[in-house]
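> got a predicted structure here, sequence first:
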Amino acid sequence: MAPNSRNIVITAGHSNTDPGAVSGSFTEARIVTEFRNLVADCLKRANAKFTTDGEGDTNLPLANAIKLISPGSVAVEFHCNAFSKPSATGVETLSRDQNTALGARLCAAVSKILSITNRGAKGESSGQHSRLGFVSAGGLILELFFISNPDDLQAYLGKKLELAQAVADILIEAANQGR
């Protein structure tokens, strides 16, 4: 695949100080940091132009991650959803209108690979969310799956490498063509 013309920004939501949602020994921060690293490896192998919010187990605080987003870049922050009912399932994105098509492509890929519900590409004020800093700066939030759903979590653990490659491919395509 040819190098992309626009920069790709990938970040991991949450951190060691804010682990996000938790399911047993799994934290959202650990899952999405690992996933960011897997996507970064795929982008590196494709000679793609990209920036991350850290390496290994570290990531920048949100205020710093937002600063990585430049005009015209393709920016995605990875998260996991959670709900009090373990049956809640699926993938969704949160973004502004200009990123809806990219969000829809990401949702379709995650849904297909993990065999989970496609909850769709949604606006930033969907559900419990509002005024998301990463989205306001031009990025897109990808809620990969429900960490609170044991089946979603197991599907992710079994297919995370395939999923990382698919996400990287979609981001490269978006950086080359437009959103």
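Done, it's in.

> grab the longest helix from this protein for me.
Using DSSP state H, we find that the single longest helix of the chain is helix 150-177.

> what is the neighbour count of the nearest residue to Phe145 once chain neighbours are set aside?
The spatially closest residue to Phe145, leaving aside those adjacent along the chain, is Asp152, at 4.0 Å (C-beta to C-beta, 6 or more residues apart in numbering). All C-beta spots, glycine's among them, are computed from the backbone N, C-alpha and C. Using other C-beta atoms under 10 Å, Asp152 has 25 other residues around it.

> over to Ser70?
13.

> quick one: contacts for it?
Residues counted as contacts of Ser70 (C-beta atoms under 8 Å, 6 or more residues apart in numbering) are Asn7, Val9.

> quick check: phi and psi at it.
phi -110, psi 160 (degrees, to the nearest 10).

> ok, back up a step: pLDDT at the residue nearest to Phe145, what is it?
pLDDT, Asp152: 98.

> residue contacts, it?
Applying C-beta under 8 Å, 6+ apart, the residues near Asp152 are Thr89, Gly90, Leu114, Ile116, Phe145, Phe146.

> sorry, back to before: list the buried ones in the longest helix of the chain?
152-153, 155-156, 160, 163-172, 174-175 (16 or more other C-beta atoms under 10 Å).

> this protein: strands as residue ranges?
Assigned by DSSP state E, the chain shows strands spanning 8-12, 22-23, 26-27, 50-52, 74-81, 91-95, 118-123, 140-146.

> please name the bridge partners of the spatially most central residue of the chain.
Centroid-nearest residue in the chain, with C-alpha atoms, centre = their mean: Phe78, separated by 2.7 Å. Phe78 has these beta-bridge partners by DSSP bridges: Ala12, Leu142.

> was I right to think it contacts Val9?
No - counting by C-beta atoms under 8 Å, Phe78 does not reach Val9; the two are 11.6 Å apart.

> what count of nearby residues applies to the nearest residue to Ser95 once chain neighbours are set aside?
Once flanking residues are discounted, Ser95 sits nearest to Leu140: 4.1 Å by C-beta to C-beta, 6+ apart. Using other C-beta under 10 Å, Leu140 has 26 other residues around it.
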